[in-house]
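*Asks:* Below is the sequence, then the predicted model.
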Amino acid sequence: MNPDIPVQLLGGITAREFLRDYWQKKPLLIRQAIPDFESPIDPDELAGLALEEEVESRLIIENGVRPWEMRRGPFAEDEFSKLPETEWTLLVQAVDQFVPEVAELLENFRFLPSWRIDDVMISYAAPGGSVGPHFDNYDVFLLQGHGKRHWKIGQMCDTDSPLLEHADLRILADFQGSDEWTLEPGDMLYLPPRLAHWGVAVDDCLTYSVGFRAPSAAEVLTHFTDFLSQFMSDEERYTDADAQPVSDPHQIQRDALDRLKALLAEHMGDERLLLTWFGQFMTEPRYPELVTGPELDDAELLDSLEQGAILIRNPSARLAWSEVDDDLLLFASGQSRLLPGRLRELLKLVCAADALHMDNLGQWLADEDGRDLLCELVKQGSLGFADE
Ligand code: SIN
Ligand code: CO
């Protein structure tokens with residue numbers, strides 16, 4: 001996509017301007033980001049999802065058995081009828097994986113890397129409902145889906161910001177409001193990480209939160225070193241064949257530290273492994289149990305496609321690709337696959353994967369590596385047959 005073309009979703013500024021001036025820096029209110037937006041899901045359907053075992057959901061009741069009572073789903077149907085008239089919120093995670101029309105909304109965010117996008121959470125709030133003043137460690141786009149919500153934004157926060165005592169929620173003890181707006185369907189508010197915010201439902205309201213993935217530095221270090229350690233032998237150890245006589249045998253000297261730094265740098269600086277780990281990590285599915293596929297061989301796949309079958313991305317799968325030297329890496333739902341450079345266009349097609357069929361796959365089905373790749377992705381569950 002051209003980064004210098006005005007984007008309706010961003011209120012007419014370009015992707016380049018948005019990234020330069022707002023992304024991870026400051027909030028942006030966009031009136032009618034999606035003009036005349038009609039929510040593809042209604043409150044009853046959202047509540048229906050919250051009954052399902054595989055869907056992550058929460059209820060937050062401001063004046064429940066304790067202030068800001070939180071209950072985790074799945075919920076029983078009669079639980080909703082026992083709720084008060086006002087001041088509660090139902091939050092349902094990753095609705096994009098269960099409702100294709102919600103997943104389609106993400107097409108509007110193609111100016112950002114898809115592997116950075118986490119999920120679309122949808123909240124339904126009764127009048128006065130809110131999850132309290134808080135901050136998130138991630139960027140978020142808050143799209144108003146139905147009804148009105150009054151948003152207040154406040155100060156930048158960090159781990160030292162005082163919180164209310166609460167076992168499950170991180171509600172700010174001190175919210176210093178700086179700006180506020182009432183959002184109507186189609187309006188959207190972008191918030192950078194750590195900015196305090198507080199959205200209160202004016203009437204029955206649905207709010208869509210497009211959230212992002214950003215591993216913490218601690219996660220990067222622990223997960224990457226775990227990954228690296230698989231490739232290391234027990235024989236590779238701290239060595240000091242260059243050691244000099246010591247003046248005090250109890251002292252750890254500078255040269256020991258230098259040897260350790262060299263050992264770390266040798267492994268941590270391995271870009272190929274870093275990229276492999278990162279791609280796998282960022283494409284790990286939220287619900288791995290929903291990414292499974294059938295046993296299938298190349299001939300059966302070809303046969304199905306010849307008979308008109310269409311392959312689409314499993315909505316629970318995550319795909320990305322990258323290049324290493326002359327080769328390519330495809331990341332599919334937490335796994336990686338090294339592929340020859342000539343498959344570049346196929347990889348792009350697979351990652352965009354609106355629909356793969358005889359017409360657009362054509363030449364790639366004649367390529368053994370191309371066929372194998374498609375077959376593996378179906379077996380792994382990242383791609384599936386549209387009619388299944
Ligand atoms: C909500 O939809 O009620 C909460 C979204 C958020 O504040 O991150
Ligand atoms: Co938030």
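*Replies:* That came through, no problem. Bear in mind that the values here come from a model prediction, so they are computed numbers and not experimental data. Ligands and ions are numbered 1, 2, ... in the order given.

*Asks:* F227: what secondary structure?
*Replies:* Using DSSP: H, G, I helix; E, B strand; the rest coil as the criterion, the local structure at F227 reads helix.

*Asks:* how far away is the nearest residue to it once chain neighbours are set aside from ligand 1?
*Replies:* Among residues not flanking F227 along the chain, W277 sits closest, at 4.4 Å (C-beta to C-beta, 6 or more residues apart in numbering). Backbone N, C-alpha and C define where each C-beta goes, glycine included. In this structure, W277 and ligand 1 are separated by 29 Å, where distance is defined by C-beta to the nearest ligand atom, to the nearest Å.

*Asks:* residue contacts, W277?
*Replies:* Under the criterion of C-beta atoms under 8 Å, 6 or more residues apart in numbering, the contact partners of W277 comprise H223, F224, F227, L228.

*Asks:* Mind putting these into CSV with neighbour count, distance to F212 and pLDDT?
*Replies:* Listed next are these as CSV, based on neighbours: other C-beta atoms under 10 Å; distance: C-beta to C-beta, whole Å; pLDDT from 0 to 100:
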residue, neighbour count, distance to F212, pLDDT
H223, 16, 18, 98
F224, 18, 20, 98
F227, 16, 22, 98
L228, 15, 26, 97
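
*Asks:* All the helices of the stretch 1-150 of the chain, residue numbers only.
*Replies:* Counting by DSSP state H, counting those that start in this stretch, the stretch 1-150 of the chain has helices at residues 15-21, 43-49, 77-81, 100-105.

*Asks:* Make CSV out of the ones you listed and add mean pLDDT.
*Replies:* Formatted as CSV, the helices of the stretch 1-150 of the chain follow (pLDDT from 0 to 100):
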stretch, mean pLDDT
helix 15-21, 98
helix 43-49, 97
helix 77-81, 94
helix 100-105, 96
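
*Asks:* hang on, the earlier thing: how about the contacts of W277 in a markdown table, adding distance to ligand 1?
*Replies:* Shown next, in a markdown table, are those (distance: C-beta to the nearest ligand atom, whole Å):
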| residue | distance to ligand 1 |
| --- | --- |
| H223 | 25 |
| F224 | 28 |
| F227 | 31 |
| L228 | 34 |
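
*Asks:* Please produce CSV containing those residues, extended by distance to L142.
*Replies:* Converted to CSV, the contacts of W277 look like this (distance: C-beta to C-beta, whole Å):
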residue, distance to L142
H223, 29
F224, 32
F227, 34
L228, 38
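
*Asks:* Same list (the helices of the stretch 1-150 of the chain) but as TSV, adding mean neighbour count.
*Replies:* Supplementary listing: the helices of the stretch 1-150 of the chain in TSV, determined by neighbours: other C-beta atoms under 10 Å:
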stretch	mean neighbour count
helix 15-21	16
helix 43-49	18
helix 77-81	11
helix 100-105	16
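
*Asks:* And the ones you listed: which comes nearest A217?
*Replies:* Taking C-beta to C-beta as the measure, those were each checked against A217, and helix 15-21 came out nearest at 22.1 Å.

*Asks:* tell me which parts of this protein are close to ligand 1?
*Replies:* Counting by C-beta under 6 Å from any ligand atom, the chain comes close to ligand 1 at T89, S123, A125, V131, D136, V140, H197, G199, T207, S209.
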